[in-house]
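Asks: Next input, structure requested:
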Amino acid sequence: MDIKQLVESGILEVYTLGMLNDAEQQYVIRLCLQYPEIKAELTAIEIAYEQLADLTALNPSANIKSRLLATLGFAEDLPALDLEHLPLTNAEANHLQWIDALKHLIPENLEQDFFAEPLTSTPHLSQVLVITKFDVPEETHGDFIESFFILKGECICTVGKDTYHLHGGSFLEIPLNVEHTIKIVSPYVVGILQHRMLGV
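Replies: This is a model prediction of the structure:
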């Protein structure tokens with residue numbers, strides 16, 4: 001057994017990453033039991049990968065963490081939204097929380113091409129639940145700040161020269177006086193259209 005050649009082959013790194021088939025994994029395990037030098041090298045590789053993971057790990061925001069947990073089936077118990085005093089939508093909003101609060105307004109099967117239900121209407125703020133199959137043609141706003149918070153579905157939003165692929169949980173605020181369009185790329189999109197008024 002040429003231990004140096006085996007170590008340099010990269011098989012131990014591939015084993016550590018869990019990318020070997022069952023027979024190959026058993027082969028590496030047998031080698032580790034038979035040759036202490038190979039076992040020591042494998043241990044060193046595992047420690048190095050753990051250190052690399054610690055160095056490059058990101059601490060996700062609470063919103064990303066809750067979305068990830070929900071996707072994996074570990075949904076957190078989120079406080080119910082007060083429909084009489086809805087919060088502003090923003091990048092930290094949790095779309096699952098909004099879906100739960102508005103589920104009585106979201107039809108199971110969308111029979112019409114466009115549905116809109118006002119949620120908040122004050123001189124300073126407008127929030128509307130929108131369910132649509134329609135694209136939004138080019139438009140520009142100078143007297144209010146518009147944002148989209150997607151609850152379900154997917155769309156492509158072009159803002160000036162930038163393009164954004166939005167899906168459940170995505171939030172996008174449109175700068176003032178910038179042309180933008182929305183193209184629906186799923187059967188329909190459910191979202192919150194929010195306008196924050198200027199100069200009121």
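Asks: Who is residue 189 paired with across the strands?
Replies: residue 132 (DSSP bridges).
Asks: per-residue confidence averaged over stretch 130-140?
Replies: Over the span of stretch 130-140, the pLDDT mean works out to 94.
Asks: same check, this time on stretch 13-25
Replies: For stretch 13-25, mean pLDDT is 91.
Asks: what do you get for stretch 179-189?
Replies: Rounded to a whole number, the mean pLDDT of stretch 179-189 is 95.
Asks: Can you list the neighbours in contact with that stretch?
Replies: Contacts with stretch 179-189, where a contact means Cβ atoms under 8 Å, 6 or more residues apart in numbering, come from 110, 130-140, 148, 150, 152-160, 174. Where C-beta positions appear, they are placed from N, C-alpha and C, glycine not excepted.
Asks: Now the terminal residues of stretch 140-159, how far apart.
Replies: From its first residue to its last, stretch 140-159 covers 10 Å (Cα to Cα, to the nearest Å).
Asks: buried stuff in that stretch?
Replies: By 16 or more other Cβ atoms under 10 Å, the buried positions in stretch 140-159 come out as 141, 144, 146-155, 157, 159.
Asks: go on, stretch 18-25?
Replies: Buried residues in stretch 18-25, counted by 16+ other Cβ under 10 Å: residue 20.
Asks: And for stretch 98-115?
Replies: Buried residues in stretch 98-115, counting neighbours by 16+ other Cβ under 10 Å, are found at 98, 101-102, 106, 115.
Asks: What is the nearest of these to residue 42?
Replies: Distance to residue 42, by Cβ to Cβ, is smallest for residue 98 among the buried residues of stretch 98-115, at 47.8 Å.
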